[in-house]
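Student: Need a 3D model of the following:
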Amino acid sequence: MLKGTLIHPDLMAALALCGHGDKVLIADGNYPLDSKTGNAEKIYLGLKPGLPTVTDVLEAIQSVINIEKAEVMDPADGTTPEIFGEFQTMLGGMELDKLGRYEFYDACGLPQVRVAVSTGEKRVFANLLITVGVA
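Tutor: Residues are numbered from 1 along each chain as shown. Predicted structure coming up:
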């Protein structure tokens, strides 16, 4: 029997193939998942606007993998989205590496991104690129 809170079979299978240093994108509902994630395994979880949220998915993923790094898409206007604070809290105070929009898109298209998850998240700039840590 599985431990943890993640029960989605396709997401579990995709994460099981990840190793140390591989990356997982958890994207908001606005993210162009198909065109900006290269050859990553794409999993569409959006049920309806707002569900599930990126933080719902992060919580479930954290129950089965360790995370060593987190990157976010930084707004060009110098503001800090409120969700960044939520990410940091959920990640135990981990610093978020901020990438510009196109830099973030480029990072999500690299071969190291093995899994890309689309959510129903409505908050803007709620995209999180996490790096899988050691067990």
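
Student: which residues touch residue 53?
Tutor: 119, 120, 121, 123, 126 (Cβ atoms under 8 Å, 6 or more residues apart in numbering). Placement of C-beta: from N, CA and C, glycine included.

Student: same thing but 7 Å
Tutor: By Cβ atoms under 7 Å, 6 or more residues apart in numbering, the residues touching residue 53 are 119, 121.

Student: Give me the phi and psi angles of it.
Tutor: Residue 53 adopts backbone torsions of phi -90, psi 160, taken as degrees, to the nearest 10.

Student: Could you report the separation of it from residue 20?
Tutor: The spacing between residue 53 and residue 20, counted by Cβ to Cβ, to the nearest Å, is 27 Å.

Student: Tell me the predicted confidence for residue 126.
Tutor: As predicted, residue 126 sits at a pLDDT of 98.

Student: secondary structure class for the residue positioned nearest the centre of the chain?
Tutor: By Cα atoms, centre = their mean, the mean C-alpha position of the chain lies nearest to residue 26, the distance being 2.3 Å. Judged by DSSP: H, G, I helix; E, B strand; the rest coil, the three-state class of residue 26 is strand.
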